[in-house]
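A.B. asks: return atomic coordinates for the entry below.
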Amino acid sequence: MGRRAVASGLLLLMAAAAFMAGVAAPAAWAGPTATAVAAAPAAQRSPAVRPHSTALGYTAFVLDSTTDYVGEGQQLTFTPSNATITAYADATGDVVFSVAALGHSFQAVLAAPTGQSLALGTYTGVQRLASATQPRLDISGDGRGCNVTSGQFTVLDISYDSYGNLATFAADAQMGCDGYGPLFASFRLASTVGYAAVAWRPAPALPLGFTLPFATEPLGTTSPAVPVVLTNVGVVPLSVSSQISGIYGADFQIVASTCRDLGPLAPGASCSLSITFTPHALGERDASLVTAVGTPRGTYVLALTGIGTAPPTFTYPTAGQSNVDTTKAFTWTASPGAQANRFVVGTTPGADNLVDSYAISASETSYPVPALPTGTTLYATVSAETNGTWTLRQTVAFTAMAQVAAFTSPLQGALAADPTQPITWTTDSQDQAYYLVVGTTPGSANLINSGVLPATQSSYAPPPMPGGTMLYATLLTEWVGGWSHSQSISFFYQSGKATFTSPLNGARVATNGTMFTWSTVPQAQAYYLVVNTAHATLVNSGSLPPSRWYAPAVALPAGVAIYATIFTELGGAWSYQTITFTAGATAT
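C.D. replies: As a prediction, the model looks like this:
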């Protein structure tokens, strides 16, 4: 049978009671039992097969799998309380253990070399198939097994009753499967030899693979402690000793432990230890919690991982830089482990009144800026989101260098510019004059030809302009006696747009049941409603047929600025209106 390989690691033990808790046994499963049936070596065999009581000793089938070819990469303990365990010696003296439990079925075969009977002692060089010179060990179950096995087993107890039936048996085994593994196992039948087994329970519960992840932490910051609990689910006392190892082991620390200096851990007892993470360098930091326990496996390894991070740092501009060229994108370093970045520019530290990228990918470390005001100190801030918060940030002060005058309204690519509003642009004290042309083709002036405008002028009121068609505007700047500096944009003027009738700009609404309504536009083809905060989209209606209301089935967050935009499609072009409002716990 084939083997399914899965990354090895520390394995969670399903405690015996877990197979029965809260689950009624199906009619086909008669309940847990333990039996022993024939046969002993030929000289001892009885002609009759008789059941044997196991009430006087331990009966168990324990699996401790480091991979998933048997046991799903878990620790499984079967006893008569949660499974039917059958054990017998066949006509050749091979000992066969079988387990039937809710959702599980396993079998193990242990045999001495051909012609020999099992006896007390250790058998090495085991194989899956019978051999004249090699002992046999084969463990399979839940529909899986191995093609080639290796390893060893130790027989601790074996006896037969007066009928020649197997009476008592105890063995511990270590089996590799197709070169992988190993699988550790213990077999007991009415034996006074106890078995050792443990259950690891890291918090939070971990999936297969068993790497204990810690939150991303800034350098030198210590994480909350994460507990790991060890329980003795066997029947003999266990010795316990834990330590952290690995090249980054110094980043992890056992800060509390009830296992230390405890002495042997009694059957059924538990102890715990707590681990913290303090990164000393950027990036992923890995180590291992290694625990030595007196079980057949002996050593359990829990992988530990965390990420050390730091606030993003501007590489352009630098703090206090003057005459920053705003035609270049602002750049910064990445914060390892961040979920997102946000870049803003404002007239006060941390403000976003000039530029706001909103949440962008954590892999993005640059952002283009428009023309910025000159002659005053500005502030750029970059923030990184880690563990759901935006506490990692850097702010730098700078001044912008005078550039070519740039349009501030309309902007490049605007789909619904307002034809009733003036065309505006930035100015600079070193500029000498401006010249504005607007036309229906790039560089043309068939709609506006302003002539030379004074350096103090920053706007121009347009005449009636066509809507729903691409227009082209060029603004020239006279600088040091020349007109070589210019900016050109393309845009649409809106031909009609809907406006909100509820809520109104600046209103406060209820967090639930808010209905959005707007005025309609004759001959409009469709509407489109978007509601969002600075960091998340709350409503995206998709294209709506001509109507005047929309009631989203979503609660609005209280206490933050909310933005609503209603788009209007008219003549194949879209125009829009945006308002800002807030939501409260109750309607006003």
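A.B. asks: how far is stretch 305-321 from where the chain is centred?
C.D. replies: Averaging C-alpha positions (CA atoms, centre = their mean, to the nearest Å) puts stretch 305-321 24 Å from its chain's average.
A.B. asks: buried stuff in it?
C.D. replies: Across stretch 305-321, burial judged by 16 or more other CB atoms under 10 Å covers 305-312, 314, 316-317, 321. For the C-beta atoms, the positions are set from N, CA and C on the backbone; glycine is no exception.
A.B. asks: can I get those in JSON lines including distance to Ser241?
C.D. replies: Below are those laid out as JSON lines (distance: CB to CB, whole Å):
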{"residue": "Thr305", "distance to Ser241": "23"}
{"residue": "Gly306", "distance to Ser241": "24"}
{"residue": "Ile307", "distance to Ser241": "29"}
{"residue": "Gly308", "distance to Ser241": "28"}
{"residue": "Thr309", "distance to Ser241": "33"}
{"residue": "Ala310", "distance to Ser241": "36"}
{"residue": "Pro311", "distance to Ser241": "40"}
{"residue": "Pro312", "distance to Ser241": "42"}
{"residue": "Phe314", "distance to Ser241": "49"}
{"residue": "Tyr316", "distance to Ser241": "53"}
{"residue": "Pro317", "distance to Ser241": "55"}
{"residue": "Gln321", "distance to Ser241": "57"}
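A.B. asks: among those, which are in strands?
C.D. replies: Secondary structure defined by DSSP state E assigns 305-309, 314, 316, 321 of these to strands.
A.B. asks: closest one to Leu118 out of the residues you listed, please.
C.D. replies: Lowest distance from Leu118 to these (CB to CB) belongs to Thr305, with 44.6 Å.
A.B. asks: what pLDDT does the residue nearest to Thr222 when sequence neighbours are not counted get?
C.D. replies: Spatial nearest neighbour of Thr222, excluding adjacent residues (CB to CB, 6 or more residues apart in numbering): Thr278 at 4.5 Å. Note for Thr278: predicted pLDDT of 97.
A.B. asks: give me the neighbour count for Thr278.
C.D. replies: By other CB atoms under 10 Å, 18 other residues sit near Thr278.
A.B. asks: got a list of what it touches?
C.D. replies: 217, 220-223, 251-253 (CB atoms under 8 Å, 6 or more residues apart in numbering).
A.B. asks: so among these, which ones count as buried?
C.D. replies: By 16+ other CB under 10 Å, these give 217, 223, 251-252 as buried.
A.B. asks: just the ones of those residues in strands?
C.D. replies: Among the buried ones among the contacts of Thr278, the members falling in strands (DSSP E) are 217, 252.
A.B. asks: ok, back up a step: and which of the contacts of Thr278 is nearest to Tyr550?
C.D. replies: Using CB to CB, the contacts of Thr278 come closest to Tyr550 at Glu217, 43.5 Å.
A.B. asks: go ahead and confirm the closest one touches Ala310.
C.D. replies: No. Using CB atoms under 8 Å, Glu217 is not in contact with Ala310; the gap is 10.2 Å.
A.B. asks: and stretch 311-331, C-alpha only, in CSV?
C.D. replies: Output of stretch 311-331 as CSV, limited to C-alpha atoms (Å, rounded to 0.1, in the frame of the first residue of the first chain):
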residue,chain,number,x,y,z
PRO,A,311,8.2,50.7,11.1
PRO,A,312,8.6,51.6,7.4
THR,A,313,11.3,54.3,6.8
PHE,A,314,11.2,56.8,4.1
THR,A,315,14.0,56.6,1.5
TYR,A,316,12.7,59.5,-0.4
PRO,A,317,12.3,62.2,0.8
THR,A,318,14.4,62.1,3.9
ALA,A,319,13.4,63.9,7.1
GLY,A,320,13.7,67.7,6.8
GLN,A,321,14.6,67.6,3.1
SER,A,322,14.0,70.9,1.2
ASN,A,323,12.9,71.4,-2.4
VAL,A,324,11.6,67.8,-2.8
ASP,A,325,11.0,67.0,-6.5
THR,A,326,7.3,65.9,-6.4
THR,A,327,7.5,64.5,-10.0
LYS,A,328,9.2,61.6,-8.4
ALA,A,329,7.4,58.9,-6.4
PHE,A,330,7.9,58.9,-2.6
THR,A,331,9.5,55.6,-1.5
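A.B. asks: run me through the strand neighbours of the helix or strand Phe184 falls within, direction for each.
C.D. replies: In the assignment (DSSP states H and E), Phe184 maps to strand 180-191. When pairs are called by DSSP bridges, strand 180-191 turns out to pair with strand 58-65 (antiparallel), strand 166-177 (antiparallel).
A.B. asks: would you mind finding the most buried of these?
C.D. replies: Per-stretch averages of neighbours, counted by mean count of other CB atoms under 10 Å, single out strand 58-65 among the strands paired with strand 180-191, with a mean of 26.
A.B. asks: Tyr88 contacts Ala167, doesn't it?
C.D. replies: No. Counting by CB under 8 Å, Tyr88 does not reach Ala167; the two are 10.9 Å apart.
A.B. asks: correct me if wrong: Thr77 contacts Val62.
C.D. replies: Yes. Using CB under 8 Å, Thr77 is in contact with Val62, at 5.0 Å.
A.B. asks: what is in contact with the two at once?
C.D. replies: Common neighbours of Thr77 and Val62, using CB under 8 Å, 6+ apart, are 197, 234.
A.B. asks: ok so, going back, Throw the strands paired with strand 180-191 into a markdown table and include mean pLDDT and distance to Val96, thanks.
C.D. replies: Formatted as a markdown table, the strands paired with strand 180-191 follow (pLDDT from 0 to 100; distance: least, CB to CB, whole Å):
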| stretch | mean pLDDT | distance to Val96 |
| --- | --- | --- |
| strand 58-65 | 90 | 12 |
| strand 166-177 | 92 | 9 |
